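**Student:** Please work out how this folds:
(one chain, ligands or ions: 2)
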Amino acid sequence: MNMKRAFYIGRFQPFHLGHHSVITSIAKEVDELIIGIGSAQTSHEVNNPFTAGERVMMIRHALEDIDVHFYALPIDDIQQNPIWVSYVTSRTPPFDTVYANNPLVIELFEETGVMVKQPPMYHRNEYSGTEIRRRMLEGEEWKHLVPNAVADVIEEINGVRRLRRVAGTD
Ligand SMILES: Nc1ncnc2c1ncn2[C@@H]1O[C@H](COP(=O)(O)OP(=O)(O)OP(=O)(O)O)[C@@H](O)[C@H]1O
Ligand SMILES: NC(=O)c1ccc[n+]([C@@H]2O[C@H](COP(=O)(O)O)[C@@H](O)[C@H]2O)c1
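**Tutor:** Numbers count the residues shown, from 1 in each chain. Ligands and ions are numbered 1, 2, ... in the order given. Below is the predicted model:
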């Protein structure tokens with residue numbers, strides 16, 4: 001069995017339609033996709049409102065329509081960048097390709113000889129976690145920027161109220 005397996009990491013605070021588009025494209029190129037849920041230890045912060053478990057739930061429901069076998073795995077941050085790639089690979093199934101746009105992620109993987117592909121950005125001004133959290137805080141429309149399943153999860157966990165409370169605006 002020679003599976004083509006790739007790794008894609010983000011904080012997914014929240015998982016939005018930009019991520020969904022990237023994963024739809026990657027799914028056409030690989031047999032399996034490992035989705036790393038980065039900074040898994042953080043939640044209840046203005047820039048990181050959702051827990052790792054909530055982000056697992058968002059991804060699981062949002063990808064029900066996508067034809068790829070995926071693993072969504074929470075990955076805590078560590079203090080030492082030089083050993084981060086070993087740390088990641090010790091917690092994931094083996095993979096041969098990384099898809100990333102984060103410059104540090106690209107640098108760390110390329111230094112260890114892993115191939116990194118940079119997916120194109122989709123409507124980056126709107127499909128952005130920062131923009132979606134801003135809209136939630138300001139009471140503006142945001143649900144059209146995430147898969148319907150993600151909007152449902154955020155409603156179930158009362159995510160907007162949490163964000164406003166931790167921001168001190170509620
Ligand atoms: N609109 C988009 N199109 C394609 N890729 C995206 C888009 N938004 C984010 N990405 C990529 O997805 C990966 C994970 O991103 P991340 O979870 O940090 O989302 P983000 O929208 O950049 O969040 P934040 O604004 O909170 O930093 C990164 O490699 C990032 O560059
Ligand atoms: N030393 C480390 O723990 C380390 C190094 C590089 C990236 N990361 C994580 O990878 C993720 C990258 O995702 P973003 O593209 O959403 O920033 C983040 O959660 C970031 O903290 C962690």
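**Student:** For this structure, which residues are neighbours of ligand 2?
**Tutor:** Within the chain, the positions near ligand 2 by C-beta under 6 Å from any ligand atom are 9-11, 38-39, 77-78, 81, 84, 102, 104-105, 108. The way it works is simple: take the backbone N, C-alpha and C, and place the C-beta from them, glycine included.
**Student:** element containing the nearest residue to residue 167 once chain neighbours are set aside?
**Tutor:** Once flanking residues are discounted, residue 167 sits nearest to residue 46: 4.8 Å by C-beta to C-beta, 6 or more residues apart in numbering. Under the criterion DSSP states H and E, no helix or strand holds residue 46.
**Student:** Tell me how far residue 46 lies from residue 134.
**Tutor:** 10 Å (C-beta to C-beta, to the nearest Å).
**Student:** Please list only the buried members of the residues of the chain next to ligand 2.
**Tutor:** 9-11, 38-39, 84, 105, 108 (16 or more other C-beta atoms under 10 Å).
**Student:** Identify, from these, the entry nearest to ligand 2.
**Tutor:** Among these, residue 38 lies closest to ligand 2 (C-beta to the nearest ligand atom), at 2.2 Å.
**Student:** What residues does that closest one make contact with?
**Tutor:** Residues near residue 38 by C-beta atoms under 8 Å, 6 or more residues apart in numbering: 9-12, 75, 77.
**Student:** Next: residue 80.
**Tutor:** Shown in contact with residue 80 (C-beta under 8 Å, 6+ apart): no residues.
**Student:** Tell me the confidence at it?
**Tutor:** For residue 80, the model assigns a pLDDT of 97.
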